[in-house]
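Trainee: okay, predicted coordinates and the sequence, questions at the end:
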Amino acid sequence: MEVYENESSSERQIVVGICAMMKKSKSKPMIQILERLCKFDYIDVVIFPEEVILEEPVEKWPLCDCLISFHSKGFPLDKAVEYAKLRNPMLINDLNMQYFIQDRREVYRILQEEGIDLPRYGVLNRDPDNPEECNLVEGEDHVEVNGEVFPKPFVEKPVCAEDHNVYIYYPTSAGGGSQRLFRKIGSRSSVYSPESNVRKTGSYIYEEFMPTDGTDVKVYTVGPDYAHAEARKSPALDGKVERDSEGKEIRYPVMLTAMEKLVARKVCLAFKQTVCGFDLLRANGHSYVCDVNGFSFVKNSMKYYDDCAKVLGNMVMRELAPQLHIPWSIPMEAEDIPIVPTTSGTMMELRCVIAIIRHGDRTPKQKMKMEVRHPLFFELFKKYGGYKTGKLKLKKPKQLQEVLDIARLLLVELGQHNDCEIEEKKSKLEQLKTVLEMYGHFSGINRKVQLTYLRNGQPKASSEEEVLLPDCKKDGPSLLLVLKWGGELTPAGRVQAEELGRAFRCMYPGGQGSDFAGFPGCGLLRLHSTYRHDLKIYASDEGRVQMTAAAFAKGLLALEGELTPILVQMVKSANMNGLLDSDSDSLTDCQQKVKARLHEIMQKDQDFTQDDFQKLAPTGSPSLVNSMKVIENPVKTCDKVYALIQSLTSQIRKRLEDPKSADLQLYHSETLELMLQRWSKLERDFRMKNGRYDISKIPDIYDCIKYDSQHNASVGLEDTLELFRLSRALADIVIPQEYGINKAEKLDIAQAYCVPLMKKIYLDLQRTHEDEAVNKLHPLYSRGVMSPGRHVRTRLYFTSESHVHSLLSMFRYGGLLDEVKDQQWKQAMDYLSAVTELNYMTQIVIMLYEDNNKVREKDPSSEERFHVELHFSPGVKGCEDEENVPLGFGFRPASSENEDKKPNQGSLEDLSQDQTDDALPVTELINLQRRSPMIRNRKTGSMEVLSETSPNHSSKGCTSHRLFQSCSRQSPEIKPAGGLGSLCSGLFSASALGVSSSAPNLRDYVRTQHHHHRKPPLSPGSLPCKIELLSMPAVKRFSVSFARHPTNGFEGCSMVPSIYPLETLHNSLSLKQVEEFLSKVCESIGEAQAKTMKALSGLFDSQSQTSLYSPQQPLSSSGSEASLRPPGQPLWYGSIPSSAVSSAGPSSPTT
């Protein structure tokens, strides 16, 4: 290495050489990864030019310390081997083994020696000069190779790995012929041929065909402890390459099982290829390796590019820095053991995160009820098994089509003769038809029809269900048809979920500071890819809830592409035993009584008296009391609301009559016509025939006005804010109090909803600490040792408002802690009672830590060993000002590790010293952004330091170091799109126990402009108006992302509100306390239901044999199974045996 002798050791760089064909070395993934590799202080990258590789002798090739070289078509592998002998660089991928990878026979031999499962196979070697002489006997439906029989379907692969012409032969019973696979050409990867006879020249491997679920899993390792896996549609399926809207092949995210992770490690080590791709087939509950491709990168995954560069960079530094006397210390890998600061400031190992999250922003939910008696409806009810439980949910397109056909038929009959035989009311049938015909197609998420059997007809007529055609009443059974539509997740809801998913990463190890390349929360992603993250996501069967879960997963795991594949692979549908679904139509007795009392109090035409305050708010909750003061007289307030709705509908009618605005496109493809229908229905239903108000419509009114204020403000309707204010005050009383008025009722109703979920949480916590059976290595010894037993368990439950209200009631009133004795709990209860609304994306988070010191010092079973924290966020911020928002007590204080860090990271203490608390208006913020463009200034380690300069300096300083002139990778935190919408504050509130500063928000952002910021590089000009919104510096454990609404451009101007940070309710619970509380709550309800359970155990046993979850099903199908809960027995499911509740069904390939 004489060339370096003149350089002083301080400037010595490690040179990484890239020796491959130009097509590979200049490919997009390679460029992305090398760009990141250059961020390592001491690493330089040299790409060997193709003409040098092909034409120059190896003595003239560039020098390097570390060589990344791999074979592809036309590459002179012999010369690369010669170069490696000559210069002896560190090899990332062994070169001699690459000869073996080119021969499928050698690949299979090595796999077999390593004890890796592969399909049963036989090798047929043919002498090219004498192709007739070979051990092959061909029958009609099988071949015999070397005496071993392979019945069709079987696979025929050329022995040369470069030859991609793989054929699959089908049996005559299936129609015979063969499928010919080849390298992707455009949108095809295979074609069917009628040829049934095998090829007669060349050498082949014959192997049995593995019946997979239509997907191939591609695994990409970077060293033995890291793998990224994704599935794509198997080319054998139909040969059509699935492509997304950008023309890229659709790939699905995949979770590897513990065994598959071990296989990845073995393949990587056996073939001595650090960067190595191989294919897995998942069949019959096993995983088989069917191909090893050697060096290959994942395409289009920013997260993989970051991880790959970091793993390779650390590998190179660890190996070469000591030899070259470079002052580099091995960074403590966060993934060895996930140690994080807890709220109380001590360092503990994070073991489990459980979050219960409400879905994101949705379109208004709408509902229509009608009683039907026509025989066709009864036939439909019978056809889909409605009589088993007395209830039926119809969501599938075919089923909805049948309902539409009946409605059309009845309308035709009604038109012909108007007698009482057909009792269905014309206007309701018209509405049924209109709603089902909306969108021009059925997509199961948009609509559903519920049918409930009524033995003696409709019990009592409320406002909405007036008895149909009173002159011809009939006794005898009827069906109550409930049509529900709307309630879809909006684009804003999707952004909220994805942003929250991204922010959630900062709970995990490595989430505290900014990580490599300014990608916050890398710790979790690396934890996930290094197999130490056990994640399961459950969602109820509502479309909006499932889509929220998928969008959250996309943000959490930095996945790319559409939501549907993510949903199919990652989200389990928990539509059994009421885990996350609740049958809102069958209310408990207690709920019926509560509703009746609520209606009675709200129907008084007088100001609320002291007595009313007692009756309506016995818990003395400030949020209720304040709303009652705003309302004063409930009937007068309802009068005002009614008048405002009337004014609103007349304004919309005027807009419709005006040709200029008639075709106005509203948010999420709604029209003025549809908006008018929405409001007219509320106008009709809110005021009943007798002049009284239907209080149960208040949540719907609030829902609609909240939606229109946020998304359709551009229509410019008058008095919407007043309607919003009044309906919110009414809703703040009605919504929470529907879940119980006094403590006993709240508990009773909450138990009806969420006991199955609480049992599941109990099991999640219990299982985490039972994992202890695995011997734990000391962190120092476990470096580089994959310990599949140690991991963080994450369980995410996405659900609707009812479950979130109920779960919170259980924690508040179920006796977890005593407010009198526990000051922290009292403060938390005061905070919760001041929260008015559990809005979209409300979160309840339980975190379990293990104190490793306690394990060593004391008896491992001591109570202090496990530590539980409870956190809460009321979700999305409302439309109005935040002046009256209750302040919680924050999330985490400064942990000792953070206190001695330099102030330029923008630590909390920094922010709170700056007393100027005036928030700048958004326009000023934008100006301020325009005045001070941020430019990259100098390289420090793996981070970019930014400096503020005046515009005239901005052309200087934009120099890039070493290989790349522009670092145009865009941070995933910053979405290029219009609209300064969601400023999602950090995940955790900052006013943590004694640190007085509110959550990092716009105000702090403006205030800290004079700090040096660390920021991921932005591509110049990628943001509109050259506004550069950047991620906040890492403030303690917060990642602040400024999201932009991806749909603003064409969906009308709609802001995406930000989400309140998490507040700590309690941070020093012992696991024992929590487990005792959960088991007590679950038992108390279990006893009461034991009798009911007995009677129904037969029903459950017959059902429980089948899979409880259906993770593989596409969206629309999961809701069609009839509810297990019979009418009038709403609580029986609360006492399902715990094993059934916790079971995630058979271990499917996607778990």
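Mentor: Perfect, I can see it now. Because the structure is predicted, anything quoted here is derived from the model rather than measured.
Trainee: from here on, contacts and neighbour counts on C-alpha atoms
Mentor: Will do.
Trainee: tell me how far residue 182 lies from residue 823.
Mentor: 69 Å (Cα to Cα, to the nearest Å).
Trainee: also residue 571?
Mentor: 39 Å.
Trainee: between the two, who's got more neighbours?
Mentor: residue 571 (28 against 12; other Cα atoms under 10 Å).
Trainee: excluding chain neighbours, what is closest to the more buried one?
Mentor: Leaving aside its chain neighbours, residue 571 sits nearest to residue 537 (5.1 Å; criterion: Cα to Cα, 6 or more residues apart in numbering).
Trainee: equivalent analysis for residue 800, please.
Mentor: Nearest to residue 800 is residue 358, by Cα to Cα, 6+ apart, at 5.3 Å.
Trainee: same thing with residue 322?
Mentor: residue 328 (7.9 Å).
Trainee: what residues does the one you found make contact with?
Mentor: 317, 321, 322 (Cα atoms under 8 Å, 6 or more residues apart in numbering).
Trainee: if any of these are buried, put those into a ChimeraX selection.
Mentor: Buried subset of these, written as a ChimeraX selection, criterion 16 or more other Cα atoms under 10 Å:
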select :317,321
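Trainee: residue 243: which of the contacts of residue 328 is nearest?
Mentor: Residue 243 lies nearest to residue 317 out of these, by Cα to Cα, at 38.8 Å.
Trainee: confirm that closest one sits in a strand?
Mentor: No. Counting by DSSP: H, G, I helix; E, B strand; the rest coil, one finds residue 317 to be helix, located in no strand.
Trainee: how close does it get to residue 88?
Mentor: The value you get for residue 317 to residue 88, if Cα to Cα is used, is 17 Å.
Trainee: residue 145 now?
Mentor: Distance from residue 145 to residue 88, by Cα to Cα: 44 Å.
Trainee: okay, those two: which has more neighbours?
Mentor: residue 145 (21 against 14).
Trainee: who's in contact with the more buried one?
Mentor: Neighbours of residue 145 in contact, by Cα under 8 Å, 6+ apart: 122, 123, 124, 135, 136, 137, 206.
Trainee: wait, residue 277 touches residue 293, no?
Mentor: Yes. Taking Cα atoms under 8 Å as the definition, residue 277 is a contact partner of residue 293 at 5.3 Å.
Trainee: the two: who's more crowded?
Mentor: Shown here are residue 277 and residue 293; by other Cα under 10 Å, residue 277 has more neighbours (25 against 17).
Trainee: which SSE is the more buried one in?
Mentor: strand 275-283 (DSSP states H and E).
Trainee: need the contact partners of that strand.
Mentor: Outside strand 275-283, the residues that reach it (Cα under 8 Å, 6+ apart) are 92-93, 210-213, 216-223, 268, 287-297, 1149.
Trainee: out of the residues you listed, which end up buried?
Mentor: 92-93, 210, 216-223, 268, 287-297, 1149.
Trainee: how's the protein carved up into domains?
Mentor: Following the TED database, the chain resolves into domains at 14-97, 106-332, 335-359+492-583+744-873, 365-458+476-489, 619-739.
Trainee: what's the most buried one of the ones you listed?
Mentor: Mean neighbour count, computed with mean count of other Cα atoms under 10 Å, is highest for domain 335-359+492-583+744-873 among these, reaching a mean of 21.
Trainee: give me the mean pLDDT for that one.
Mentor: The average of the pLDDT scores along domain 335-359+492-583+744-873 is 77.
Trainee: number the residues from 6 up from this point.
Mentor: I'll keep to 6 as the first residue from here, and by that count the last item is domain 340-364+497-588+749-878.
Trainee: just the ones of the contacts of residue 150 in strands?
Mentor: 127, 128, 129, 141, 142, 211 (DSSP state E).
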